[in-house]
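Peer 1: Give me the fold of what follows.
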Amino acid sequence: MGIPRPQGVGVPGPGVAEIVAQAVARGIGGRDGAGGEGDTPGLARVRPVRGAAVTDVPVHLPFRARPEAPAPAPTPARRPAERAVTAGRRVPRGDERLREHRGPVLPGWIAVVVGALALTGCATVLWRAGVVPATLVAAFGVPPRPYTGLRATHWPPLAFLGVVTLLALGGLGRAKAGHAWVLTLFGRYRGTVRRTGLTWISPLLLRQRVDVRLRHWRSEPMPAVDSGGLALQVVVQVVWQVRDTARATLAVEDHTEYLAEQVESATARVLSRLPADAFHDDAPTLRDAEAVGDALTRTLAAETEAIGIEVFSAQPTRIEYAPEVAEAMRRRRVAAIDAKHRDTVLTAVVDAVDDTVHRLTSRGIVELDDYERKALVKDLTVAFYTGRSDQ
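Peer 2: Residues are numbered from 1 along each chain as shown. I've put the predicted structure just below:
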């Protein structure tokens, strides 16, 4: 006699893990041809077990979706000066908005003409009012006028013409070749004037003269170390020029002092890469002035580009040991030279002895056994080496 089952309760069927495993094995969304038209894409169709309630489980739920790899960000273009600097160091860029541009300027003859006309107008107004003395008027051949006093109608034109005269003549300036004017108004950069000769610039603008000629600077003996940590003293000569007057004037407090400090810093970095001398090897050293100068020029040009200075050449004119190690290194260098000389002499002596013995035996001049050969080689070596040493 069977036991009645409660309505709505099915036979325990497989769990969710078994259902998902069967779905993965049979395919998703009717790929194996068992799915009908009403199948939902992405759902697992599982043949239900008899007497069990089966629910379609989305396959993507038990599995975590793989995150898509982000697209690589485009690498920004680097300036040539930045590529020359060692990777990992931040090169100063400066304010990109601060660029040199042409400032407001007029030829000086225009200001002279305007100022002369304004002065003439003032003199005319004063003459009509009778203020000009008769003797001065007679000198110009103009009939004098009786003095009637300055009225209210005379003041406006006099004030206007006086202001025009001050602006016209107060803005005149003499610009020299090789110099430029940096103009600012209430602290804001207004432009650069590179015109030479007589020019007119608004008197309201503050001027600052900048030397834009090709210049050279020779440093004092600076301390540095080579790759081995030996103390050095270096003198560097730099050829440079101001290219961007706005940055050279406004980006730093003093661009010449900034250049001097960067020369010292760049020199210390470049010289620490190589030894000062290689006594027994033919490795590159700091004695290669051309290679050291090229590296120093590239490094210094990258550091000073941010303030509008272009470095054409930075060459070490003198690299020597510091006084505290100079004597010891001098003795070491003499010893290395002497050892190299002895090695060269010994090589030449051995070659000469070998050639002499070979000629004597090959031509049949003498016949030597081992003992006699060794004695002859010994005597020839002593004789040749003594003669070379005396020379």
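
Peer 1: Just give me how far stretch 102-114 sits from the chain centre.
Peer 2: 38 Å (Cα atoms, centre = their mean, to the nearest Å).

Peer 1: can you pull the alpha-carbon coordinates of that stretch into PDB?
Peer 2: Listed next in PDB are the C-alpha coordinates belonging to stretch 102-114 (Å, rounded to 0.1, in the frame of the first residue of the first chain):
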ATOM      1  CA  ARG A 102      55.100  90.400 -30.400                       C
ATOM      2  CA  GLY A 103      54.300  93.400 -28.100                       C
ATOM      3  CA  PRO A 104      52.500  96.700 -28.900                       C
ATOM      4  CA  VAL A 105      55.100  99.000 -30.500                       C
ATOM      5  CA  LEU A 106      55.100 101.800 -33.000                       C
ATOM      6  CA  PRO A 107      57.900 103.500 -35.000                       C
ATOM      7  CA  GLY A 108      59.400 106.400 -33.100                       C
ATOM      8  CA  TRP A 109      58.800 109.000 -35.800                       C
ATOM      9  CA  ILE A 110      55.100 108.700 -35.400                       C
ATOM     10  CA  ALA A 111      55.300 109.600 -31.800                       C
ATOM     11  CA  VAL A 112      57.600 112.500 -32.600                       C
ATOM     12  CA  VAL A 113      55.100 113.900 -35.200                       C
ATOM     13  CA  VAL A 114      52.200 113.500 -32.800                       C
END
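
Peer 1: Contacts for it, please.
Peer 2: 164, 168-169, 171-173, 181, 183, 190-193, 195, 197-202, 205 (Cβ atoms under 8 Å, 6 or more residues apart in numbering). Just so you know, the C-beta spots here come from the backbone N, C-alpha and C atoms, and that holds for glycine as well.

Peer 1: Buried only: go through those residues for me.
Peer 2: Buried by 16 or more other Cβ atoms under 10 Å: 164, 168-169, 171, 173, 181, 183, 190-193, 195, 199-202, 205, out of those.

Peer 1: Describe which strands the helix or strand encompassing residue 241 pairs with in its sheet and in which direction.
Peer 2: Assigned by DSSP states H and E, residue 241 belongs to strand 231-242. According to DSSP bridges, strand 231-242 has the following sheet partners: strand 215-218 (antiparallel), strand 222-225 (antiparallel), strand 309-321 (antiparallel).

Peer 1: Any chance of those in CSV with distance to residue 349 and mean neighbour count as columns?
Peer 2: Formatted as CSV, the strands paired with strand 231-242 follow (distance: least, Cβ to Cβ, whole Å; neighbours: other Cβ atoms under 10 Å):
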stretch, distance to residue 349, mean neighbour count
strand 215-218, 49, 12
strand 222-225, 41, 16
strand 309-321, 34, 18
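
Peer 1: now the ones you listed as JSON lines including distance to residue 243 and mean pLDDT?
Peer 2: Shown next, in JSON lines, are the strands paired with strand 231-242 (distance: least, Cβ to Cβ, whole Å; pLDDT from 0 to 100):
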{"stretch": "strand 215-218", "distance to residue 243": "12", "mean pLDDT": "93"}
{"stretch": "strand 222-225", "distance to residue 243": "25", "mean pLDDT": "89"}
{"stretch": "strand 309-321", "distance to residue 243": "5", "mean pLDDT": "91"}
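
Peer 1: Dump those strands into CSV; add distance to residue 247 as well.
Peer 2: CSV is the format used below for the strands paired with strand 231-242 (distance: least, Cβ to Cβ, whole Å):
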stretch, distance to residue 247
strand 215-218, 16
strand 222-225, 26
strand 309-321, 8
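
Peer 1: looking at the ones you listed, which is closest to residue 333?
Peer 2: strand 309-321 (9.8 Å; Cβ to Cβ).

Peer 1: need the next SSE after that closest one, C-terminal direction.
Peer 2: In N-to-C order, the element after strand 309-321 by DSSP H and E is helix 323-362.

Peer 1: returning to what we had before: in helices, which of the contacts of stretch 102-114 fall?
Peer 2: Secondary structure defined by DSSP state H assigns 164, 168, 169 of the contacts of stretch 102-114 to helices.

Peer 1: From residue 121, how far off is the first one?
Peer 2: The gap separating residue 164 from residue 121 is 8 Å, by Cβ to Cβ, to the nearest Å.

Peer 1: Equivalent analysis for the last one, please.
Peer 2: Distance, residue 169 to residue 121, by Cβ to Cβ: 14 Å.
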